[in-house]
Every structure is written in C-alpha cells, then in structure tokens.
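Q: model this:
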Amino acid sequence: HDNNDDQQYDITSSIIDITKPVLQEALETRIGTSSLEGVRPVVALPPLPPLSMNNNNNNNHVNNDKLESAFQSFLPSNTTTFVPEPVAAVWGAEVQSLLDVSSKDSGPVLVVDVGGSQTTCTVVHKYQIQASVTLPHTGGDLWIQTLVDSIVEEDNDEQSQYYQHDDMAQQRLYQAATMAIAELNTSTQVPIHIPYITMNMKTREAHHLETTISRGVLEQKVQQRLQHILKTELLVVRDDDSTTTATTTMFSPHVPPPTDYTSLYTSVLIQLLESTHMTPLTVKHVLLVGGGAKQPLIVSSLEQSWRTLTGQGSSSSSNADNNNNNNNNVLVIPELAKRSDLVALGAASLPSHHEYDPQQGIVIP
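A: Numbering: from 1, shown residues only. A predicted model of the protein is given here:
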C-alpha cells in the first residue's frame with residue numbers, strides 16, 4: 001500500500017504463491033495437464049494508476065507494472081494479455097447481450113465495480129479508460145465487518161471480550177457473516193446459529209451464538225460506518241504526518257460532501273463526467289458489477305443517484321431481453337450471479353486474436 005519495495009515484493013510474491021497453484025489445478029481439472037502450452041492467459045487488472053484521479057496518498061493500488069511482472073513470472077509473456085477490469089466488464093456485458101457498445105456511434109459506459117475492499121467507478125469509451133476513481137473501504141468487506149461487529153456487540157458483554165482472543169471463533173464469525181450477507185441479498189432477515197463458538201470463561205461451559213440479522217438494521221449500521229469512513233478517510237487529504245480536511249479529487253466540488261451511498265455515487269459520477277467533459281445525457285449505459293454489488297441498498301442508491309443526475313424516472317434494466325440497447329442513460333444491473341462474474345467472463349471470452357492497447361482499447365484485427 002505504499003512505495004516500500006519490500007512490501008510490494010511481498011504482495012507480488014503472494015500473487016505468485018496463490019495464483020500459480022490455483023491456475024495449475026484449474027488446468028489439470030479442465031484439460032488434464034498443468035502445462036500452459038496452447039493456453040492464452042488474459043489477466044484483468046485495476047485501471048492503470050496514471051489514469052486514476054485518486055490522490056496519491058489515498059491510492060491503494062499496487063503498481064500495475066509490479067502486478068504484470070508477478071504474472072509474467074509464471075505466464076507465457078508472448079501470449080498473455082493484460083486488460084483493465086472495467087474494459088473486461090464492458091466486454092463481458094456485451095458478450096452476455098446486456099449492452100451494445102460496438103457500434104461506431106456508441107456512447108461511453110460508466111462502470112461501477114463494487115469489489116471486496118473498494119469501489120471503482122470508471123468511464124469506458126470504445127473499450128478505452130477515460131477516467132477512473134477508486135474508493136477504498138467501500139466494498140463488500142465493509143458489510144461483513146459491520147455485521148461481525150454487530151454480532152459481537154449484541155452478544156453479552158462478558159462473553160464478547162473472548163472473541164478477540166480466539167482466532168477460531170473469529171474465523172467462524174466471519175464465515176457466518178459472509179453467508180448471512182449472501183442470504184440478505186434476497187431475504188429481509190437471516191438467523192445466525194454458531195454452536196460451540198467459544199467457552200464461557202466463568203462457567204467453563206460451551207457458548208452458543210444465536211441471533212437474527214435484519215437487512216434494514218444492517219443497512220443502517222453500514223451507512224453509519226460509511227459516513228465515518230468518509231469523514232475520517234476519504235474526505236481528507238493527508239500530507240506526511242499532518243491531516244487537513246479537504247475534498248479530494250475523488251469527489252465533485254460542486255455538490256455537498258457525500259454522507260451515504262447515494263450522495264457518494266452522485267458526487268463521484270459528477271466528478272468523472274466533469275473530468276471527461278461529458279454530461280449524463282451523453283452516457284450510453286451505467287453498468288453495475290462486482291461481488292459487493294449484490295446488496296439491494298447498493299442497487300437502490302445507484303438508481304437514485306442516476307435519477308438525480310438525469311432527471312428521469314427509473315430506467316434500470318436487469319434483464320437483457322428487456323433492455324433496449326438503443327436508448328441512452330440505461331442503468332444496467334445484471335442478475336446476481338453475472339454481477340460478480342462479468343469481469344472474469346469478459347476476460348475469458350476475449351478472442352485469441354484480440355489484444356488490448358491502453359491508447360487504442362481492444363484491438364480487433
């Protein structure tokens with residue numbers, strides 16, 4: 001997360017240690033060999049830092065050169081293609097018939113990618129990155145951590161203090177919270193039962209955790225935590241050891257500072273449009289992707305934000321058959337499964353004779 005070479009080396013080494021055996025296992029499962037001979041790897045990476053509008057001190061991306069070097073250490077350099085994640089998402093959405101951006105007169109696409117640790121908003125036009133903003137601490141992990149903290153707080157005070165000293169209990173809490181978050185995508189409340197999570201240190205008896213999580217209550221707590229993150233992390237510029245309150249280049253100076261998801265999206269999208277000299281009416285589509293984008297609050301907040309910017313009623317579409325690709329300003333919300341997989345689907349479906357060039361986009365011979 002900083003410019004320390006040793007730390008970046010550790011990060012890229014971790015990529016090799018984790019990705020290489022997983023890739024080999026996948027190849028053995030699918031084609032019966034771990035050899036990469038005849039395989040065309042496509043690696044989707046975050047938008048390149050030079051195109052990012054983030055303040056340097058708040059940019060959590062590892063340098064993409066380091067990432068590419070890590071992958072090229074075990075992937076064939078002459079056949080490996082690196083493509084930005086938002087471009088892969090747009091390509092994947094087109095392959096899935098969710099939108100059409102291949103025509104010469106096609107307008108830009110705003111890609112809102114809610115990942116695990118962060119949210120990235122990017123303007124993509126003709127498969128090229130025009131501008132990008134990354135918002136750390138606003139992804140799906142925010143929901144999981146909020147739920148874990150809520151569960152611990154609701155458990156009796158004497159017992160909750162033991163969780164922080166019990167690694168296994170913490171792991172089971174995170175597993176249960178992750179599963180509950182997934183269920184809350186389609187349910188309004190979810191019961192959580194974790195038997196034998198830890199021991200009551202006074203009675204020496206096993207402690208069982210029983211609780212029910214309401215989506216509405218969790219959304220309130222997430223919004224509160226997001227507001228705290230905005231005030232303490234995203235709406236300040238840090239210079240060495242000093243901290244001065246100021247709106248960073250992530251947000252538009254022409255609207256009030258964001259306080260929740262809706263105002264967050266509104267401010268970031270306005271900033272992106274202004275930086276690229278565009279207006280909401282020139283945007284072809286807004287595409288929502290990412291594993292952290294499955295919560296109804298994320299969808300409704302982006303819908304409300306886009307309605308505010310366009311002055312139109314809801315124009316969202318989650319069904320490719322009902323999506324009129326000839327209309328501008330359509331908010332494209334893929335079904336839950338595709339929402340988290342579009343980047344991977346886009347990378348996997350890139351034809352072998354297509355390449356990616358930062359200045360030209362996807363090069364089609």
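Q: Tell me where the chain has helices.
A: Using DSSP state H, the helices of the chain run over 5-31, 64-72, 85-95, 140-154, 157-160, 167-183, 215-229, 261-275, 296-310, 336-348.
Q: what's the most buried one of these?
A: Of all the helices of the chain, helix 85-95 carries the top mean neighbour count, a mean of 26, counting by mean count of other CB atoms under 10 Å. C-beta coordinates here come from the backbone N, C-alpha and C atoms, glycine included.
Q: Can you tell me what sits against that helix?
A: 42, 44-47, 83, 99-102, 109, 111, 113, 120, 122, 124, 127-129, 132, 287, 289, 332, 334, 341-347, 349-350, 356, 361-362 (CB atoms under 8 Å, 6 or more residues apart in numbering).
Q: hang on, the earlier thing: would you turn the helices of the chain into JSON lines with distance to residue 189 and mean pLDDT?
A: Listed next are the helices of the chain as JSON lines, based on distance: least, CB to CB, whole Å; pLDDT from 0 to 100:
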{"stretch": "helix 5-31", "distance to residue 189": "35", "mean pLDDT": "76"}
{"stretch": "helix 64-72", "distance to residue 189": "40", "mean pLDDT": "76"}
{"stretch": "helix 85-95", "distance to residue 189": "32", "mean pLDDT": "94"}
{"stretch": "helix 140-154", "distance to residue 189": "12", "mean pLDDT": "91"}
{"stretch": "helix 157-160", "distance to residue 189": "22", "mean pLDDT": "58"}
{"stretch": "helix 167-183", "distance to residue 189": "9", "mean pLDDT": "92"}
{"stretch": "helix 215-229", "distance to residue 189": "6", "mean pLDDT": "96"}
{"stretch": "helix 261-275", "distance to residue 189": "21", "mean pLDDT": "95"}
{"stretch": "helix 296-310", "distance to residue 189": "13", "mean pLDDT": "94"}
{"stretch": "helix 336-348", "distance to residue 189": "18", "mean pLDDT": "92"}
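Q: Any chance of these in CSV with distance to residue 251 as columns?
A: Formatted as CSV, those follow (distance: least, CB to CB, whole Å):
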stretch, distance to residue 251
helix 5-31, 28
helix 64-72, 24
helix 85-95, 19
helix 140-154, 18
helix 157-160, 36
helix 167-183, 27
helix 215-229, 13
helix 261-275, 4
helix 296-310, 13
helix 336-348, 25
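Q: closest to residue 200 out of the ones you listed?
A: helix 157-160 (6.4 Å; CB to CB).
Q: Find the residue closest to residue 198 in space, skipping its chain neighbours.
A: residue 169 (4.5 Å; CB to CB, 6 or more residues apart in numbering).
Q: And the one you found, how far from residue 303?
A: Separation of residue 169 from residue 303 (CB to CB, to the nearest Å) stands at 38 Å.
Q: and what of residue 90?
A: 20 Å.
Q: cool, and residue 89?
A: The value you get for residue 89 to residue 303, if CB to CB is used, is 19 Å.
Q: And the helices of the chain: which comes nearest residue 208?
A: Short answer: helix 157-160, nearest of the helices of the chain by CB to CB, at 10.5 Å.
Q: longest single strand anywhere in the chain?
A: Longest strand in the chain, counting residues (DSSP state E): strand 189-200.
Q: For that one, which residues meet the burial criterion?
A: 190, 192, 194, 197-198 (16 or more other CB atoms under 10 Å).
Q: Tell me which residues touch the nearest residue to residue 178 once chain neighbours are set aside, please.
A: Nearest residue to residue 178 in three dimensions, chain neighbours excluded: residue 144, at 5.7 Å (CB to CB, 6+ apart). Contact analysis of residue 144 by CB under 8 Å, 6+ apart lists 174, 177-178, 181.
Q: Residue 189 now?
A: 212-215.
Q: Residue 19 too?
A: 71, 74.
Q: distance of it from residue 71?
A: 7 Å.
Q: what's the answer for residue 173, then?
A: 33 Å.
Q: Same check on residue 268?
A: In terms of CB to CB, residue 268 sits 29 Å off from residue 71.
Q: Run the chain-centre distance for stretch 141-155.
A: 20 Å (CA atoms, centre = their mean, to the nearest Å).
Q: Alpha carbons only: can I get that stretch in CSV?
A: Provided in CSV are the C-alpha atoms of stretch 141-155 (Å, rounded to 0.1, in the frame of the first residue of the first chain):
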residue,chain,number,x,y,z
ASP,A,141,-15.9,-6.2,3.2
LEU,A,142,-17.5,-3.2,4.8
TRP,A,143,-20.7,-5.1,5.1
ILE,A,144,-19.1,-8.2,6.5
GLN,A,145,-17.0,-6.3,9.1
THR,A,146,-20.1,-4.3,10.1
LEU,A,147,-22.1,-7.5,10.6
VAL,A,148,-19.3,-9.2,12.6
ASP,A,149,-19.1,-6.1,14.9
SER,A,150,-22.8,-6.0,15.3
ILE,A,151,-23.0,-9.7,16.3
VAL,A,152,-20.3,-9.3,18.8
GLU,A,153,-21.9,-6.2,20.3
GLU,A,154,-25.3,-7.9,20.6
ASP,A,155,-23.8,-10.9,22.4
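Q: per-residue confidence for the residue of the chain most remote from its centre?
A: Distance from the C-alpha centroid of the chain peaks at residue 203, with 43.9 Å (CA atoms, centre = their mean). Note on residue 203: pLDDT of 75.
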